[in-house]
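Chemist: need a structure here:
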Amino acid sequence: MSTTFLGMPEVRPLPPHHPEDPLRWGPTFPEAAHETLGDAQMRANLGHATRTIRDKRLRVTAELPDWEKLRAAGAAIKDEALARLPELLTELEAQVTARGGVVHWARDAAEANRIVTDLVRATGQDEVVKVKSMATQEIGLNEHLEAAGIRATETDLAELIVQLAGDMPSHVLVPAIHRNREEIRAIFLERMGDAPAGLTAQPRELAMAARAHLRARFLAAEVAISGANFAVAETGTVAVFESEGNGRMCLTLPRTLITVMGVEKVLPRFRDLEVFTQLLPRSSTGERMNPYTSMWTGVTPGDGPQEFHLVLLDNGRTKALADEVGRQALRCIRCSACMNVCPVYEHTGGHAYGSVYPGPIGAILTPLLRGTGTGPGPLDPHDPTATLPYASSLCGACFEACPVKIDIPAVLVHLRNRVTEAQQRRALPTGWEAAMGAASAVMSSGRRFGAAAAAARAGRLLARDERIGRLPFPASLWTDSRDLPAPPPESFRTWWARQRGEEGVGS
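Modeler: Numbering: from 1, shown residues only. This is a model prediction of the structure:
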């Protein structure tokens, strides 16, 4: 397939909680956040980690006098790639094929999982090693392989922790950011099997235990699966940036390498990598460059994998591309800078977002990939992703931190508007809509507003020390989690009328 890929017919969405549709699982954001906010240990772990990464990033970005120009260049390159996407993907396919690789096209998670499973089965192997990959998490590849009798071992240390714990990642860069050293030690001792009996919570000991555990799998693996940070249409080169070296082991030792890549990762020219090799490490780990930057072009006889397969994944990306405001989310280079500055994410953690893409970028990318509010039909009221655009204070810190200048607040507002438009097509109004309609009726009339203000001041009878701590339903939805300030003894309208010597209205 080539240029017809982006013109494929719409695929019917999978039902809720389908294993091939992991972007849609669990409760709504408010429901999940209510639970995660009660986890004090998680919040402490997360707060410490995000502050540390945030401070490192600020130091290394301040070193570059042209940092803002680099951000603008990164945004421009990604926008060019999105504007030329069919052409560039066709060129990428031709270049990879010419250099001994094989390109596969997957319109959704089910098709991508089927392709990868068939490729692994064709090798006769039942075990693979994996490089950290958001795309494979997005499609639920590990679970699909397990159901097919194929064991997938995550080799990134944080991903390994999450996998052993049967957990979900909570951060794009540091999936186990919600775990502390003592928790990791307990996970290793209980789940890793070959962990030393006297293992302590010292970081070096934990790292060495994981290294020994993984080394045996690296040496035995015949098949590896990776994601990709970038792919160059001009040369067919694929690039993976990582910090531990586990990716380099996966990309060089096995005989067969399968890379699953979102179609938006393509870049036009090889020289474009110069910009992103500066933007990505500084924005993600706070380093001047990634310790391990691996690039490969097709297959080289006698050196590295002798079979290379590139799976180009759509899975909602062309749907997002059709959204004129939201398409800028496809610039994302998965650096996590927006998460490390977000006050909402820092308090709720990544699990509250119900997706492999948490934080501010997840609040826009997940609904865009799912199609929430972007299609012509009414919003599915059971789709929890509809609440994600509201998981933000709109403070703008994410936009200032984003290395490719994604205006996340603007996209959040845009998606909120689409959600509202979809809700307005419902036969019956929601409770929120009914409340806003009542408020509009009261506030559109001076006398009605004055009468309502006078009635509200009766709430002083329930106050203690100028605070109201408990009210009946539906006001209890507010007072269950916060106090309500007591109404003032005198309204502004009454005060104003008294100052002017006039009779107050609705006093």
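Chemist: Which parts of this protein are strands?
Modeler: 102-106, 127-130, 151-154, 223-226, 230-232, 237-242, 256-262, 266-267, 292-297, 307-313, 467-468, 484-485 (DSSP state E).
Chemist: so which of these is the most packed in?
Modeler: strand 223-226 (a mean of 26; mean count of other Cβ atoms under 10 Å). From N, CA and C alone the C-beta is placed, and that goes for glycine too.
Chemist: Which secondary structure elements does it sit against?
Modeler: Judged by 3 or more Cβ pairs under 8 Å, 6 or more residues apart in numbering; DSSP states H and E, strand 223-226 is in contact with helix 109-123, strand 127-130, helix 246-252, strand 256-262.
Chemist: Make CSV out of the ones you listed and add mean pLDDT and distance to residue 184.
Modeler: As requested, the helices and strands packed on strand 223-226 are exported to CSV (pLDDT from 0 to 100; distance: least, Cβ to Cβ, whole Å):
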stretch, mean pLDDT, distance to residue 184
helix 109-123, 97, 29
strand 127-130, 96, 19
helix 246-252, 92, 16
strand 256-262, 98, 27
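Chemist: The ones you listed: which one's closest to residue 345?
Modeler: Among these, strand 256-262 comes nearest to residue 345, with 21.9 Å by Cβ to Cβ.
Chemist: so what strands line up beside that closest one?
Modeler: Sheet pairing for strand 256-262, assigned by DSSP bridges, gives strand 223-226 (parallel), strand 307-313 (parallel).
Chemist: Could you dump the strands of the chain into CSV and include distance to residue 339?
Modeler: CSV is the format used below for the strands of the chain (distance: least, Cβ to Cβ, whole Å):
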stretch, distance to residue 339
strand 102-106, 27
strand 127-130, 22
strand 151-154, 20
strand 223-226, 23
strand 230-232, 21
strand 237-242, 18
strand 256-262, 19
strand 266-267, 24
strand 292-297, 22
strand 307-313, 23
strand 467-468, 34
strand 484-485, 32
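Chemist: What are the structural domain limits within the protein?
Modeler: As assigned by automatic domain parsing, the chain contains the domains 76-317, 448-499.
Chemist: re the thing from before, let's have the strands paired with strand 256-262 in a markdown table, adding mean pLDDT and distance to residue 145.
Modeler: Formatted as a markdown table, the strands paired with strand 256-262 follow (pLDDT from 0 to 100; distance: least, Cβ to Cβ, whole Å):
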| stretch | mean pLDDT | distance to residue 145 |
| --- | --- | --- |
| strand 223-226 | 97 | 9 |
| strand 307-313 | 98 | 14 |
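Chemist: who touches stretch 63-70?
Modeler: With contacts defined as Cβ atoms under 8 Å, 6 or more residues apart in numbering, stretch 63-70 is touched by 61, 275, 278, 279, 282, 288, 403.
Chemist: who's in contact with the fourth one?
Modeler: The neighbourhood of residue 279, defined by Cβ under 8 Å, 6+ apart, consists of 70, 71, 74, 333, 335, 403, 404.
Chemist: quick one: least confident of those?
Modeler: Minimum pLDDT for the contacts of residue 279 is recorded at residue 335 (94).
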